[in-house]
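Asker: Quick check, what structure comes out for this input:
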Amino acid sequence: MAYTFPFAAIVGQDEMKLAILMAAVDPSMGGVLVLGDRGTGKSTAVRALAALLPPMKVVTGCPYGCDPGQPGRCCDTCRSALQEGKTLKTHTQAVPVIDLPLGATEDRVVGALDLERALSQGIKAFEPGLLARANRGFLYIDEVNLLEDHLVDLLIDVAASGENVVEREGLSVRHPARFVLVGSGNPEEGELRPQLLDRFGLSVEVKTPADLASRVEVVRRREEFERDPAAFCAHWDKPAEKIRKKVQAARKRLHDTAVPDSARQRASELCMALGTDGLRGDMTLMRAARASAALQGDPEVTDAHLRQVAPAALRHRLRRHVLDDTGSTARVERALAELLPR
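Answerer: Alright, predicted model coming up:
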């Protein structure tokens, strides 16, 4: 059995952990980009996410894991069966967290002709790719800033439409591909294209711990995990279960969490002050603030929630200012101090 380092055992990196939890509560935010130094737990946190998510109901035998409760988001086969009044067999399974390797071919990502069936049976059949497996789950790209341009273009299209369209080798396939995009990387190795950067709802920065106690604790926990993964995971079962229940409760109360008009106004004022392009920043900021409120069990969004999530929601949406070389995080915090003082 393969063990994953528990999410609850990650030392520090509070902004990263909060962003990942908010994405689990409200996938409509658009995903999470985690940038920072090597060896700071970026991949560890993302891969630990799967254990925090409640299982989902899927149609048995469907390669896309369709939800029978949402016919409008099902594949053509499942939708037709539901429209005809058929009862589809279902089962529950873990929410998928799929890795997209940097060296993956386009066929591996989008799917292609099933050569085995074509050669043995003479049938043109579609072999689903990683996007099909990631439907209703999470698609994780490590070193996302090094991803090849043709795959970046493909991901931008699919992330915008929620569908993967394959037209090749005599195949014409369209299937649902709604996923939360999670990327990590080291900004020193290259920048993301603006079009892909804009598709991430939240962008968080992680840094190597600067205090001695945290560094020692990180090393100690990692050594314990590698020495006996089963015992280490068992030790963290209760904290992990607490986080799991917190995410489940937040999901249930999310749509009952009130968003006052005053909060919307302050969010838009903040975006205007920072000069963010378009309205995606306004919408993401409000969704993130609502998810934060739901996680904390608060009945409505307040200035405190906006202050908490604004850096992650807005820092990657700022234009470079030729007369201001201040970092984007500092610019957001400065605007917060002026518009939303504590």
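
Asker: Run through the residues that contact L254.
Answerer: If you count contacts by Cβ atoms under 8 Å, 6 or more residues apart in numbering, L254 has them with 25-26, 290-291, 294. C-beta here means a position set from N, CA and C on the backbone, and glycine is covered the same way.

Asker: let's see 6 Å
Answerer: 26, 294 (Cβ atoms under 6 Å, 6 or more residues apart in numbering).

Asker: Next: I10.
Answerer: Counting by Cβ under 6 Å, 6+ apart, I10 touches 41, 45.

Asker: is it true that L33 lies in a strand?
Answerer: Yes - assessed with DSSP: H, G, I helix; E, B strand; the rest coil, L33 lies in a strand.

Asker: What distance do you get for it to R307?
Answerer: Per Cβ to Cβ, to the nearest Å, L33 is found 20 Å from R307.

Asker: who's more crowded, the two?
Answerer: Neighbours per residue, other Cβ atoms under 10 Å: of L33 and R307, the larger number sits with L33, 26 against 21.

Asker: What's opposite the more buried one in the beta bridge?
Answerer: Beta-bridge partners for L33, by DSSP bridges, are G183, S203.

Asker: That one and G183 touch, don't they?
Answerer: Yes - between L33 and G183 there is a contact under Cβ atoms under 6 Å: 5.0 Å.

Asker: where in this structure is pLDDT low?
Answerer: 1, 113-124, 169, 321-326 (pLDDT under 70).

Asker: give me that answer again for 50
Answerer: 322 (pLDDT under 50).

Asker: what's the distance between the residue lying closest to M29 once chain neighbours are set aside and V309?
Answerer: Once flanking residues are discounted, M29 sits nearest to G201: 3.6 Å by Cβ to Cβ, 6 or more residues apart in numbering. Taking Cβ to Cβ as the criterion, G201 is separated from V309 by 10 Å.

Asker: What of T60?
Answerer: 38 Å.

Asker: Restrict the strand or helix carrying L139 to CA atoms and write it as CSV.
Answerer: Per DSSP states H and E, L139 falls inside strand 138-142. Provided in CSV are the C-alpha atoms of strand 138-142 (Å, rounded to 0.1, in the frame of the first residue of the first chain):
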residue,chain,number,x,y,z
PHE,A,138,-8.2,17.9,-9.7
LEU,A,139,-5.6,18.1,-12.4
TYR,A,140,-2.1,18.7,-10.9
ILE,A,141,0.8,20.0,-12.9
ASP,A,142,4.2,20.2,-11.2
